[in-house]
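Trainee: let me see the structure of the following:
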Amino acid sequence: MQEKFIALSTARLKLRSINLGDVNDLFDIRFHPGVLKYIRREKSSSILEMNTYINEKLKDTAQGRICYWGICKLESSKLIGTICLWNYNPDQTEAEIGYELHPDEHQKGYTSEAMSSVLDFGFSKLKFNTIIACTNKDNEPSKALLSKFDFKWRSDLEDEGFPDNLIYIKEAHA
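Mentor: Residues are numbered from 1 along each chain as shown. Prediction:
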């Protein structure tokens, strides 16, 4: 699929590659109680584990298995969130989108801006036919975001191992 990382930008954001210098920001985002409220994830107990996570994401990105961006405001290099395309199907026509934003930055439209750019990239540049999103059934802001981007809830699908999640699907426009 893609072999070289592509940075993206919006009116207020830059979506850039993460690096080991982001370890503290990423830790604060991924393990903030406001984020963990809706994501079932084991809390990392060390910066070393977070460094390993970053290195894994960089390797997966370099090998074209995922696209993983750190979200920053244009005027800053501090991460406020992440967004990714991952979990590609074998013929690489389908991917899952994942996103998380530090709760201090909620309700400002940042995830919407980032998602718009990433969806365009996924459908236009990577030529995905379908993008899937999974979100907790109680995460109303995430469900509203997905609805805004014309994702459709698929009540007939289950997120295996995550019974509290709902699956949403967005098809490429013909």
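Trainee: could you give the number of residues near Gly34?
Mentor: Look at Gly34: counted by other CB atoms under 10 Å, it has 13 neighbours. Just so you know, the C-beta spots here come from the backbone N, C-alpha and C atoms, and that holds for glycine as well.
Trainee: list the contacts of Gln103.
Mentor: Quick fix: residue 103 is Pro, not Gln. Shown in contact with Pro103 (CB atoms under 8 Å, 6 or more residues apart in numbering): His32, Gly34, Val35.
Trainee: any figure for the gap between it and Leu119?
Mentor: Distance check for Pro103 against Leu119: by CB to CB, to the nearest Å, it reads 23 Å.
Trainee: can I get the CA coordinates of the lowest-mean-pLDDT helix or strand in the chain in PDB?
Mentor: Lowest by mean pLDDT, DSSP states H and E among the helices and strands of the chain is helix 33-36, with a mean of 85. Only the C-alpha atoms of helix 33-36 are listed here, as PDB (Å, rounded to 0.1, in the frame of the first residue of the first chain):
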ATOM      1  CA  PRO A  33      -9.400   8.900  32.400                       C
ATOM      2  CA  GLY A  34     -11.600  10.800  30.000                       C
ATOM      3  CA  VAL A  35     -10.200   8.800  27.100                       C
ATOM      4  CA  LEU A  36     -10.200   5.500  29.000                       C
END
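Trainee: downstream neighbour of it in the secondary structure list?
Mentor: Going down the chain from helix 33-36, the next helix or strand is helix 47-62, by DSSP states H and E.
Trainee: next, the buried residues of that following helix.
Mentor: Buried residues in helix 47-62, counting neighbours by 16 or more other CB atoms under 10 Å, are found at Met50, Tyr53, Ile54, Lys57, Leu58, Thr61.
Trainee: show me what contacts Asn136?
Mentor: Shown in contact with Asn136 (CB under 8 Å, 6+ apart): Tyr38, Ile39, Ser142, Asp164, Asn165, Leu166.
Trainee: go on, Phe123?
Mentor: Contacts of Phe123 by CB under 8 Å, 6+ apart are Ile131, Ala172, His173.
Trainee: can you tell me the SS state at it?
Mentor: helix (DSSP: H, G, I helix; E, B strand; the rest coil).
Trainee: where along this structure do the helices fall?
Mentor: Using DSSP state H, the helices found in the chain span residues 23-30, 33-36, 47-62, 110-120, 140-148.
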